[in-house]
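1. Task: produce atomic coordinates for the following.
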Amino acid sequence: MSEKIVTRSLPVKPRPVARIVCDAHRRRTVRNMERRFAGEFVAGEPIRAAALIRNDGMYPHKDIGEPLVHPGDTGVVRESWRFLGEVYYTVEFAARSVFVIMRGREMTRMGTAFDVA
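-> The predicted structure follows:
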């Protein structure tokens, strides 16, 4: 009644050794170039509003429907992010003392540094 349990070891497959090489500087440069060609704005870039931006209820201490930014106002892009496939920008308009979230189609690039004034 002695039963022998035979165990066989399965052949071990050799695992490939791979080294991932990352060139962060090159990737950052490529991303910046892609942004410029895609028409995206970068942080610190001066812009001009192309549309009237009204308060939709998200801006505190202002009435709903009150204009926050008028076409032609100048501002500076502070940050950008993507949400549901669309790019949004936080823009500071110092003359009006407001921070507004805008889309790319609602603003245009400034032509020269002299346009900022």
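2. Sheet partners, orientation included, of the helix or strand hosting residue 76?
-> With elements taken from DSSP states H and E, the one containing residue 76 is strand 74-83. Pairing partners of strand 74-83, with direction, according to DSSP bridges: strand 46-49 (antiparallel), strand 86-93 (antiparallel).
3. Of the ones you listed, which is nearest residue 108?
-> strand 46-49 (5.2 Å; Cβ to Cβ). For every residue, glycine as well, the C-beta is placed using N, CA and C.
4. average pLDDT for the following helix or strand past that closest one?
-> Downstream of strand 46-49, the first helix or strand assigned by DSSP H and E is strand 53-54. Strand 53-54 comes out with an average pLDDT of 92.
5. Pull the residues that contact strand 53-54.
-> 65-69, 100, 102, 106 (Cβ atoms under 8 Å, 6 or more residues apart in numbering).
6. which of these are buried?
-> 68-69, 100, 102, 106 (16 or more other Cβ atoms under 10 Å).
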